[in-house]
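Colleague: missing the sequence, but the structure's below:
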């Protein structure tokens, strides 16, 4: 199964405080372990929300809001995408990660990625049909 | 932590640590069967102690220390019976000295060295392909006998027997627990890559059962391939195999229709491909080429697959390049199946006539006599040339040869679709 592992933001990460050299080297070592175990698919750190943008949807209206955003604990500072056998394996790996936010209380959240089966039998053929129609339309225009 | 949670933690730790644990102990005891027993004993000790004491901070190190203690106990007991002199040589190895300075330079992590020894032992040429697959999934993948049995749709006792026999064969043949010397590496790497590719293929197009694909085997093969790429980063064909598997796996979602029927590559909805795997596959292919040396068969197949991955729509496929890659692949493998694929590519690049000529030349190949793809390809080319009657006969023959019911249905549909009016 695939899991997304989300590193939550802290006041420091939002203030743009860069990780120490020690943390960076520990993180590199941990990432290397993940690669060697065949678990790592992708991973990156994210810049503070002051560099981010939100687009809100309300009916037909689209509003663009520039960062920073207030609710620090809901924001993200980084992510990984892992291929693991179970959520328990992901938990074990997260426990081995270096503390991403030393000095403050860091939080890492694990979220399983939806698989095709999760969408259920009812929805799939209909969606597929829709997709199929869309594809034909696109092809017709080429 | 409640006991149920501890058990799940122990399972997860086993998944992460078992291969290294078994490999580390095997270096001490020089017998992978015994090493697995000792590693299992350490796991049982964990099952007994962790619910009481809590899970240790470094569970892997805890398991390794426990298994090592037991290994040393066994060796000491064995010493009573054996002459001390035989142990002396072994002690140097127990201290972790390797015998090959080249390899020491290439590998900076001693655990990697152990893991590589384990890879080359479970994939040793003295074992049959079935035995290699079972032993590799068990010792390197950390899968239980039950999980392997379920994936291969055989009974647990069959898998258990296969593993026991494999271990016995290795002991009887006195297969040393070592990484082959540099000059042997290429020869010994071939069966390792083959085992991983066999596991992948069984997952990608299952030879038995109702399901066309078995995702858990695809994931397991990908994981093993990625691990091997980490262990042998300078071997181009390891990256080539990983690239091939990532690129093929990227199409898993698009390969079957709503009722489970196969969808051919050129008919697939490319928006359903897993584009992250495509990116990983292309990156691995790049690494295969940068590693240098002669371009091997896995890298060539991955390069062909990459031509499809790079085409946004099927019509943009670079068939000229695919033909050139098949030319190279045919030279390396000398396989009639590759020749048949090459003919398909030539048909796409230069039209059905020259392709049909090639396919007709392959008709006498003994390896293709019962192979359903030969009449399938021939039928397809004949249909394109408007020779509907002949095409119908070929599709019928193909349908009678395939083992897969889904495929048979598609072929029979093509057969009835062949009328002189629509030319197929």
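Modeller: Nice, I can see it. All figures in this text were calculated on a predicted structure; none of them were measured in a lab.

Colleague: give the buried residues for the helix or strand hosting residue A:23.
Modeller: Per DSSP states H and E: residue A:23 is located in helix A:21-36. Residues A:26, A:27, A:30, A:33, A:34, A:35, A:36 are the ones in helix A:21-36 that count as buried (16 or more other CB atoms under 10 Å in any protein chain shown). In short, each C-beta sits where N, CA and C put it, glycine included.

Colleague: same question for stretch B:339-349.
Modeller: By neighbour count with 16+ other CB under 10 Å, stretch B:339-349 contains the buried residues B:339, B:340, B:341, B:342, B:343, B:344, B:345, B:346, B:347, B:348, B:349.

Colleague: also stretch A:70-79?
Modeller: Buried, per 16+ other CB under 10 Å, within stretch A:70-79: A:72, A:75, A:77, A:78, A:79.

Colleague: and if you look at stretch B:296-313?
Modeller: Under 16+ other CB under 10 Å, the buried positions of stretch B:296-313 are B:296-309.

Colleague: ok now that stretch, how far from the chain's centre?
Modeller: Chain-centre distance of stretch B:296-313: 18 Å, with CA atoms, centre = their mean, to the nearest Å.

Colleague: what does that stretch contact?
Modeller: A:139, A:142, B:193, B:197, B:236-237, B:239-241, B:243-244, B:247-248, B:250, B:265, B:270, B:273, B:278, B:281-282, B:284-285, B:288-289, B:295, B:317-318, B:321-322, B:325-326, B:328-329, B:332-333 (CB atoms under 8 Å, 6 or more residues apart in numbering or on different chains).

Colleague: 6 Å - rerun?
Modeller: For stretch B:296-313, contacts defined as CB atoms under 6 Å, 6 or more residues apart in numbering or on different chains pick out B:237, B:240-241, B:243-244, B:247, B:278, B:282, B:285, B:288, B:317-318, B:321-322, B:325, B:328-329, B:332-333.

Colleague: just stretch A:92-104 next, same as before
Modeller: A:7, A:10, A:26, A:27, A:30, A:106, A:108, B:12, B:13, B:16.

Colleague: over to the second one: give its phi and psi.
Modeller: Pointing back at residue A:10 there. Torsion angles at residue A:10 (phi, psi; degrees, to the nearest 10) stand at phi -130, psi 180.

Colleague: hang on, the earlier thing: tabulate the buried residues of stretch B:296-313 in TSV, adding columns for secondary structure, pLDDT and distance to residue A:87.
Modeller: Shown next, in TSV, are the buried residues of stretch B:296-313 (DSSP: H, G, I helix; E, B strand; the rest coil; pLDDT from 0 to 100; distance: CB to CB, whole Å):
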residue	secondary structure	pLDDT	distance to residue A:87
B:296	coil	95	38
B:297	helix	96	38
B:298	helix	97	33
B:299	helix	98	35
B:300	helix	97	39
B:301	helix	97	34
B:302	helix	98	32
B:303	helix	98	37
B:304	helix	97	37
B:305	helix	97	32
B:306	helix	98	33
B:307	helix	97	37
B:308	helix	96	34
B:309	helix	96	30
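
Colleague: tell me the one among the buried residues of stretch A:70-79 nearest to residue B:260.
Modeller: Minimum distance to residue B:260 across the buried residues of stretch A:70-79 is 33.6 Å, recorded for residue A:79 (CB to CB).

Colleague: just the pLDDT at residue B:256, thanks.
Modeller: On pLDDT, residue B:256 comes in at 85.

Colleague: how close does it get to residue B:275?
Modeller: Remark: distance between residue B:256 and residue B:275 (CB to CB, to the nearest Å) = 18 Å.

Colleague: neighbour count winner among the two?
Modeller: Neighbour count, other CB atoms under 10 Å in any protein chain shown: between residue B:256 and residue B:275, residue B:256 has more, with 17 against 12.
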